[in-house]
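# Below is the sequence, then the predicted model.
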Amino acid sequence: MPANQQIVLDNRPVGEATTSNFLLVESQTPALQDNQVLVRHHFLSLDPYMRGRMNENKSYAQPQPLGEVMIGGTVGEVVESRHPKFHAGDKVVGMGGWQHYSVVDGNAPGMLRKVDTTHVPLSHYLGAVGMPGVTAWYGLVKIIAPKAGETVTVSAASGAVGSAFGALAKARGCRVVGIAGGKDKCDYVVNELGFDACIDYKEHKDYLSLSKALRQECPNGIDGHFENVGGMVLDAVMLRTNAFARIAVCGMIAGYDGAPLPLTNPALILVNRMKIEGFIVSEHMEVWPEALQELGTLVATGKLRPRETVAQGLGAAPEAFLGLLKGKNFGKQLVKLI
């Protein structure tokens, strides 16, 4: 069995996360038992939720244990199998973590899934046709539930979730306005992803200024919003919401270092009879097949053209992850392992 390199969480961050919170180690891959599968990872996914897992405080998921391999989605190839449904050469997606190899129980629900790379590149199963894409689908379809002609907005619009959200919303006849950081990202959101408009939040010093820009691009108000960021962005959006607006909350990246994110105008929830619902996509596995089918079709037909930022080598994962938290990535952040 091959030697394995892994990145473990060595210590918990105090304030901002740093590369010193992680440790690169080597281990021997254990021999396969019955029904187990050995997977060689090709790509590792980096996602904002990982920052919350690094803390010990209560959250929607258990903290990442110290001294254990960092959690994370992976795509790769089966090297060896003692399970009848998996064979050497199969392309698979799973939760192998920050390491080169993983040994997976082929019978464990949701831990390993074969994928078809004929029309969808393998890496996209970690982004547009994976967890981020399904996250966008659930928030749009099950919480916002827009009607054709309504206006919807999304923060972090150029990212893996935001880009999928835009394609899904346009397919439903919505006016789609993104919020992103920087002219390059906004140009991509409009010119390549097909959003109706995109606002560069970096051009605005406070939520009132950002809200004025939203009023210009959303002349009929905002009917639905998908929140990945929180803070100033959410405050600005809430000022522009229509009566009975729906807000799907999937991330609060502005507060992942522990600072509180108070709402400036919570009375708007009552005034506009607003629905605000947080969700965790892994708690809604029943929608994954339907969502993945639509997302795969959008990618295969060119209606969704996801962008990727790829770091090279396992050792680059901590730095790339910290960059993701600061918005340095463009689209889905991946680490190429092979």
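That came in fine, so what should we check first? Numbering: from 1, shown residues only.
# beta partners for residue 26?
Assessed by DSSP bridges, residue 26 has beta-bridge partners residue 5.
# is it true that it touches residue 7?
No. With contact defined as Cβ atoms under 8 Å, residue 26 does not count as touching residue 7 (10.9 Å). To be clear about C-beta, it is placed using only N, CA and C from the backbone, and glycine gets the same treatment.
# more crowded one of the two?
It is residue 7, of residue 26 and residue 7, that has more neighbours when counted by other Cβ atoms under 10 Å, with 22 against 9.
# Grab the nearest non-local neighbour of the more buried one.
residue 98 (4.0 Å; Cβ to Cβ, 6 or more residues apart in numbering).
# Residue 37 in helix, strand or coil?
strand (DSSP: H, G, I helix; E, B strand; the rest coil).
# Could you verify that residue 236 is part of a strand?
No. Using three-state DSSP, the assignment for residue 236 is helix, not a strand.
# neighbours around it, how many?
26.
# Against residue 251, how distant is it?
For residue 236, the distance to residue 251 equals 16 Å [Cβ to Cβ, to the nearest Å].
# in the stretch 151-300 of the chain, which spans are helices?
With DSSP state H, counting those that start in this stretch as the criterion, the stretch 151-300 of the chain has helices at 160-171, 183-191, 207-217, 232-239, 267-271, 288-300.
# May I see the ones you listed organised as a markdown table, with mean pLDDT added?
Listed next are the helices of the stretch 151-300 of the chain as a markdown table, based on pLDDT from 0 to 100:
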| stretch | mean pLDDT |
| --- | --- |
| helix 160-171 | 96 |
| helix 183-191 | 95 |
| helix 207-217 | 97 |
| helix 232-239 | 96 |
| helix 267-271 | 97 |
| helix 288-300 | 95 |
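# mind checking the SS state of the residue lying closest to residue 315 once chain neighbours are set aside?
Excluding its sequence neighbours, the residue lying closest to residue 315 (Cβ to Cβ, 6+ apart) is residue 24, at 6.0 Å. Here residue 24 is strand, with the state taken from three-state DSSP.
# quick one on the thing from earlier: indicate which one of the helices of the stretch 151-300 of the chain is closest to residue 122.
helix 288-300 (12.1 Å; Cβ to Cβ).
# so how many other residues sit close to residue 325?
Look at residue 325: counted by other Cβ under 10 Å, it has 18 neighbours.
# got the end-to-end distance for stretch 264-275?
Terminal residues of stretch 264-275 are spaced 17 Å apart (Cα to Cα, to the nearest Å).
# can you check stretch 248-255 too?
Span of stretch 248-255 from end to end, Cα to Cα: 17 Å.
# any idea whether residue 77 is helix, strand or coil?
Quick answer, by three-state DSSP: residue 77 is strand.
# so who does it touch?
39-40, 42, 89-92 (Cβ atoms under 8 Å, 6 or more residues apart in numbering).
# Take the residues you listed and keep only those in strands.
Those of the contacts of residue 77 mapping onto strands are 39-40, 42, 91-92, per DSSP state E.
# Now compare those and name the two farthest from each other.
Once Cβ to Cβ is applied, these give 40 and 91 as the farthest pair, at 10.8 Å.
# any idea how far the nearest residue to residue 238 once chain neighbours are set aside is from residue 89?
Among residues not flanking residue 238 along the chain, residue 268 sits closest, at 4.9 Å (Cβ to Cβ, 6+ apart). Using Cβ to Cβ, residue 268 is found at 55 Å from residue 89.
# Between the two, tell me which one has more neighbours.
More crowded of residue 268 and residue 89, by other Cβ under 10 Å: residue 268, with 18 against 9.
# which residue is nearest the middle of the protein?
residue 132 (3.9 Å; Cα atoms, centre = their mean).
# How about the backbone phi and psi for it?
phi -60, psi -40 (degrees, to the nearest 10).
# Contacts only, for the residue nearest to residue 315.
5-7, 314-315.
# From those residues, list just the buried residues.
5-7, 314 (16 or more other Cβ atoms under 10 Å).
# With just CA atoms, put the lowest-mean-pLDDT helix or strand in the chain into CSV.
Sorting the helices and strands of the chain by mean pLDDT, DSSP states H and E puts helix 49-54 at the bottom, at a mean of 90. C-alpha atoms of helix 49-54 as CSV (Å, rounded to 0.1, in the frame of the first residue of the first chain):
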residue,chain,number,x,y,z
TYR,A,49,-17.3,26.0,5.9
MET,A,50,-13.9,24.5,6.8
ARG,A,51,-13.0,27.6,8.8
GLY,A,52,-15.9,27.1,11.2
ARG,A,53,-14.9,23.5,11.8
MET,A,54,-11.5,24.7,12.9
